[in-house]
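Engineer: structure for this input, please:
(2 chains)
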Amino acid sequence: MVDPDDVKRAITRKTILVSVMHANNEVGTIEPITEISRIAREAGVYFHTDAVQTVGHIPVNVDELGVDLLSISAHKLYGPKGVGALYIRKGIRLTSLMHGGEQERRRRAGTENVPGIVGFGKAAELVRQEIDEEAKRLTKLRDQLIQGILDRIDHTRLNGHPVKRLPGNVNVSIGFVEGESVLLNLDLEGILASTGSACSSSSLEPSHVLLAMGLPHEQAHGSLRFTLGKWTTVEEINRVLEVLPRIVTKLRAISPSFKIVNAKDKRKENVRHLETV
Amino acid sequence: MSATWKQYSEKVIDHFMNPRNAGDIVDPDGTGRAGNPVCGDIMEIYIKVKDGTIIDAKFKTLGCGAAIATSSMITEMVKGKSINEALTISKLAVAEALGGLPPIKIHCSVLAEEALKSAIEDYRQRQAARREQT
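Structural biologist: A predicted model of the protein is given here:
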């Protein structure tokens, strides 16, 4: 979680804007935006939050959050791709993003994507009707999945905040396996997930989010993210919990590092590093 | 199937899902290791040698689909080969035998070649140490 005191220390006389995402897209942690925006306001600095992950999933109120600017994307709340919205607090003047047209009060030139905008509006309307119930339902499923993974597979840890967390986000690190090899196996079972492992990115660097949180490289490589949504059922959660331990056992059986730790276990050496990080 | 799968050839998928020679060799004549936890891949290759010929090879690998498939393939390729022949197996040959690898996975075949060479080096050192003893 972003520490508001760190933000306070980072602000200098030259700072004009602070931007902190409302919730992290990888680990699901909901950041203390109200506290951080207060710090920005006291310092006379504008505050922006990227609420793409939260709007439509948890209640978002610009006044409660104390933000000057807030961005949203339609496709994260089941709307069409390619449309977004920016909340601008009254009195804040922005320079144009693109010049050449009068559109969007001269802030962004170019013909508006009308069907996209209409779709965005409808999606927001629909999501609003069920947000409370849906957040409750997903939180329950999310916690079942997290608890199930931690209970059924040893050398696992939850990444991100256990409670201040997006209802649909599960991010775990599984020791002694590499993320992509787990994904491939899950895929064959019809289960889609993602990983922060370098092996599934083109950069060969694991997730910068997990590394910034202090995770060692090997745990970032063994990270797995499941995203739950509107159509996720309890049956599907149970199926992941049935399939995943089997896949991990299979991969660990051919993992050289797992062998080493097992040998250490026998010598009763401290191998609790996975749990303590 | 998702995009993660589509980058791989049928042979890679086959060797990943049904790896050949996965596991340990009891009392190997040579053990090689390549990669490290930081890069995300660790490969170990074990060989059994008789009269200068590799009669058995096995592996253990922590890594992605391509890492597991290249380990599986290289252990298949070395079996029955002499030590000198085994040393000529290149990363390119491993990748080719697998029907090609996506560009970002070429380093997996590099690891396989390194692990094999390190196993052979280990075997040679053991042989040298044995000769000195006698």
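
Engineer: so which elements touch the helix or strand of chain B with the lowest mean pLDDT?
Structural biologist: Lowest on mean pLDDT, DSSP states H and E among the helices and strands of chain B sits helix B:3-6, with a mean of 76. Contact analysis of helix B:3-6 by 3 or more C-beta pairs under 8 Å, 6 or more residues apart in numbering or on different chains; DSSP states H and E lists helix A:179-188 as its packing neighbours. Where you see a C-beta, it was placed from the backbone N, CA and C, and this is true even at glycine.

Engineer: who is residue A:223 paired with across the strands?
Structural biologist: residue A:173 (DSSP bridges).

Engineer: over to the one 4 residues further on?
Structural biologist: Bridge pairing for residue A:227 (DSSP bridges) gives the partners residue A:169.

Engineer: gap between it and chain B?
Structural biologist: Separation of residue A:227 from chain B (C-beta to the nearest C-beta, to the nearest Å): 14 Å.

Engineer: try residue A:153
Structural biologist: To chain B, residue A:153 is 16 Å away according to C-beta to the nearest C-beta.

Engineer: residue contacts, that residue?
Structural biologist: A:174, A:244, A:245, A:248 (C-beta atoms under 8 Å, 6 or more residues apart in numbering or on different chains).

Engineer: tell me the confidence at residue B:85?
Structural biologist: In this prediction, residue B:85 carries a pLDDT score of 95.

Engineer: checking it next. Helix, strand or coil?
Structural biologist: Three-state call for residue B:85 (DSSP: H, G, I helix; E, B strand; the rest coil): helix.

Engineer: how about the residues of chain A by chain B?
Structural biologist: By the rule C-beta under 8 Å from any C-beta of the partner chain, the part of chain A lying against chain B is A:176-181, A:183-185, A:187-188, A:192, A:197-200, A:202, A:204, A:206, A:216-218, A:221, A:253-259.

Engineer: inside strands: which ones of those?
Structural biologist: Within the residues of chain A next to chain B, no residue falls in strands by DSSP state E.

Engineer: narrow those to those in helices?
Structural biologist: Judged by DSSP state H, the residues of chain A next to chain B include A:179-181, A:183-185, A:187-188, A:217-218, A:221, A:253, A:256-259 as members of helices.

Engineer: so how do I select the buried members of the residues you listed in ChimeraX?
Structural biologist: Here is the ChimeraX command that selects the buried residues among those (16 or more other C-beta atoms under 10 Å in any protein chain shown):
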select /A:179,180,181,183,184,185,187,217,218,221,256,257,258,259
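
Engineer: of the ones in helices among the residues of chain A next to chain B, which one scores lowest on pLDDT?
Structural biologist: Among those, residue A:259 has the weakest pLDDT, 67.

Engineer: what are the contacting residues of the helix or strand in which residue A:243 is found?
Structural biologist: Element membership for residue A:243 (DSSP states H and E) is helix A:234-253. Residues from elsewhere that reach helix A:234-253 (C-beta under 8 Å, 6+ apart): A:141, A:144-145, A:148-149, A:152-153, A:174, A:176-178, A:181-182, A:185-186, A:189, A:191, A:226, A:228, A:258, B:22-23.

Engineer: can you give me the end-to-end span of stretch B:13-32?
Structural biologist: End-to-end distance for stretch B:13-32, by C-alpha to C-alpha, to the nearest Å: 24 Å.

Engineer: now do the strands in chain A.
Structural biologist: Using DSSP E, strands in chain A cover A:17-19, A:46-50, A:69-73, A:84-88, A:156-158, A:169-174, A:223-227.

Engineer: what do you get for chain B?
Structural biologist: In chain B, the segments counted as strands under DSSP E are B:30-36, B:41-50, B:53-62.

Engineer: show me the shaky parts of the chain.
Structural biologist: Since no chain was named, I'll use chain A. Applying pLDDT under 70 to chain A picks out residues A:199-204, A:259-277.

Engineer: should've been chain B
Structural biologist: Low-confidence segments of chain B, defined by pLDDT under 70: B:1-2.

Engineer: which residues of it lie near chain A?
Structural biologist: Within reach of chain A by C-beta under 8 Å from any C-beta, chain B has these residues: B:1-2, B:4-5, B:16-17, B:19, B:22-24, B:33, B:37-44, B:59-68, B:104, B:107.

Engineer: narrow these to just the buried residues.
Structural biologist: Among the residues of chain B next to chain A, those buried by neighbour count (16+ other C-beta under 10 Å) are B:4, B:16, B:19, B:22, B:33, B:37, B:39-44, B:59-68, B:104, B:107.
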